[in-house]
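Q: here's my sequence, what's the structure:
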Amino acid sequence: MNLDSSEVAQEKLLSVFSGKRALESPAKAFRHPAGRPVTRISSCSATTVTSSFARTALINRAHKDLVVSHPGYETRIPKLTSKRNLKSAMTLLRGDDSMRAELLRDRIAEIRRLEDKVGAIEKQIAVKVSETGTTLTQVRGIGFIVAAKILGEIGDLARLRSKGSFIMLTGTAPIEASSGKTQRHRLNRGGNRQLNYALYMMAVARCRGDADTQVYMARLRIEGKTNKEAMRCLKRHLSNVVFKRLLADLKTLGVAA
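A: Presented below is the predicted three-dimensional model:
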């Protein structure tokens, strides 16, 4: 069986905390103004995306094969996204000695191994983010993974010169694309796309679970903005939220040192 995608994902997961990703490299470590070293966590959260792709590919393939080999299975096990359902799928394959069943057992075992590896990496990311002393995780919509991506991409917090420069860095600065009486702003494809993606994940989380954000998005749609335009406005707003929190952290870290 070819599991190259999951093997590559595991390789990247393992390399996150190795010299290849320079997470512990003194040459690439960043420092806050007082000089106290802070471990660089660049690209840590990217591993969750990579592993999710590999895991999803395995789940989709296993689901497709189970539909063929065990008709009606999907009515009993709708998704292979939980440990309980994975266990049920293994039980379903019990006693089946066919080649297809053997391949399915291998894929399910690989999904489990990948989930365990991701869980271990996420715990390490949480520890490293906590060690930085950041308060980003106190902001709604920002967990340890998003915080790791933001801190890792910015590096030295002293780089933050102004709100405008941060907006350009995150690629959330509006670009005028109006025509006649139609006022529009198009997608800004500049800036750091990893930071932009972090703001997108933050925006999606807030749209799902924050009442104020839901009201804000509804108001933008009433004003005539499309879903994509409303999302860009939200990311622009969240860029300011993150910038203010990073500045507060910068001052706090400087005073503490």
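
Q: just checking, which helix or strand of this protein averages the lowest pLDDT?
A: Of all helical and strand segments in the chain, the minimum by mean pLDDT, DSSP states H and E falls on strand 37-38, at a mean of 38.

Q: so what does the next helix or strand after that strand touch, helix or strand wise?
A: Proceeding N to C from strand 37-38, the next assigned helix or strand is helix 46-69, under DSSP states H and E. With contacts defined as 3 or more Cβ pairs under 8 Å, 6 or more residues apart in numbering; DSSP states H and E, helix 46-69 has these neighbours: helix 4-15, helix 73-76, helix 83-92, helix 99-131. From N, CA and C alone the C-beta is placed, and that goes for glycine too.

Q: make a markdown table out of the ones you listed and add mean pLDDT and mean neighbour count.
A: Below are these laid out as a markdown table (pLDDT from 0 to 100; neighbours: other Cβ atoms under 10 Å):
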| stretch | mean pLDDT | mean neighbour count |
| --- | --- | --- |
| helix 4-15 | 42 | 16 |
| helix 73-76 | 86 | 12 |
| helix 83-92 | 91 | 15 |
| helix 99-131 | 88 | 16 |
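
Q: dump the ones you listed to JSON lines, plus distance to Ala147.
A: Output for the helices and strands packed on helix 46-69, formatted as JSON lines (distance: least, Cβ to Cβ, whole Å):
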{"stretch": "helix 4-15", "distance to Ala147": "19"}
{"stretch": "helix 73-76", "distance to Ala147": "37"}
{"stretch": "helix 83-92", "distance to Ala147": "27"}
{"stretch": "helix 99-131", "distance to Ala147": "5"}
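
Q: among those, which is nearest Glu223?
A: helix 99-131 (36.6 Å; Cβ to Cβ).

Q: packing partners for that closest one?
A: helix 4-15, helix 46-69, helix 83-92, helix 144-154.

Q: now the ones you listed in JSON lines, with distance to Thr170?
A: Output for the helices and strands packed on helix 99-131, formatted as JSON lines (distance: least, Cβ to Cβ, whole Å):
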{"stretch": "helix 4-15", "distance to Thr170": "24"}
{"stretch": "helix 46-69", "distance to Thr170": "16"}
{"stretch": "helix 83-92", "distance to Thr170": "36"}
{"stretch": "helix 144-154", "distance to Thr170": "9"}
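
Q: neighbours of Ile222, how many?
A: By other Cβ atoms under 10 Å, the residues close to Ile222 number 8.

Q: next one: it, what pLDDT does it get?
A: Looking at Ile222, its pLDDT reads 94.

Q: all helices of the stretch 101-250 of the chain, in order?
A: 144-154, 163-170, 193-209, 211-222, 227-256 (DSSP state H, counting those that start in this stretch).

Q: output the second one in PDB with nothing but the alpha carbons.
A: The C-alpha trace of helix 163-170 is given here as PDB (Å, rounded to 0.1, in the frame of the first residue of the first chain):
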ATOM      1  CA  LYS A 163      -0.600  49.700  12.500                       C
ATOM      2  CA  GLY A 164      -0.300  50.500   8.800                       C
ATOM      3  CA  SER A 165       2.900  48.500   8.400                       C
ATOM      4  CA  PHE A 166       1.300  45.600  10.200                       C
ATOM      5  CA  ILE A 167      -1.800  45.700   7.900                       C
ATOM      6  CA  MET A 168       0.600  45.600   4.900                       C
ATOM      7  CA  LEU A 169       2.500  42.700   6.500                       C
ATOM      8  CA  THR A 170      -0.700  40.700   7.000                       C
END
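
Q: quick check: mean pLDDT of it?
A: For helix 163-170, mean pLDDT is 87.

Q: the first one now?
A: Mean pLDDT, computed over helix 144-154, is 87.

Q: which of the helices of the stretch 101-250 of the chain sits most buried?
A: helix 144-154 (a mean of 24; mean count of other Cβ atoms under 10 Å).
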